[in-house]
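Enquirer: below are the sequence and a predicted model for it; my questions follow.
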Amino acid sequence: EMVAHRETAKTDKEELSELMVGKKVRLKVDKEDATPTDVVLSAKNHSQYDSQGVKRLKDVSLDLRAGEIV
């Protein structure tokens, strides 16, 4: 749903977030840095092909740690 039209140079992130959510949004949250711990999922050099055989991911590697929000 289109709620507004703004020129990029004439708006800011506060106004854009309010337009998207429908109310003022706190953009800064006061909290401690996360301290993720053990690796719970690891993927190394993963590639993925679509149904036509086109490679969509090439050698993607990642580690997910307990406590992370992804």
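Expert: Sure thing, it's come through.

Enquirer: contacts for the helix or strand harbouring Leu62 next, please.
Expert: If you go by DSSP states H and E, Leu62 is part of strand 55-65. With Cβ atoms under 8 Å, 6 or more residues apart in numbering as the test, strand 55-65 has contacts from 36-50, 70. Where C-beta positions appear, they are placed from N, C-alpha and C, glycine not excepted.

Enquirer: so which of those is the most crowded?
Expert: Within these, neighbour counts (other Cβ atoms under 10 Å) peak at Pro36, which reaches 14 neighbours.

Enquirer: now the closest residue to that one other than its chain neighbours, which residues is it bridged with?
Expert: Leaving aside its chain neighbours, Pro36 sits nearest to Arg65 (3.6 Å; criterion: Cβ to Cβ, 6 or more residues apart in numbering). Here Arg65 sits in beta bridges with Val39, going by DSSP bridges.

Enquirer: what are the boundaries of the strands in the chain?
Expert: 39-49, 55-65 (DSSP state E).

Enquirer: who wins for proximity to Gly22 among those strands?
Expert: Taking Cβ to Cβ, strand 55-65 is the member of the strands of the chain nearest to Gly22, at 32.5 Å.

Enquirer: tilt between that closest one and strand 39-49?
Expert: 180 degrees (axes from the mean of the first three to the mean of the last three Cα atoms, to 10 degrees).
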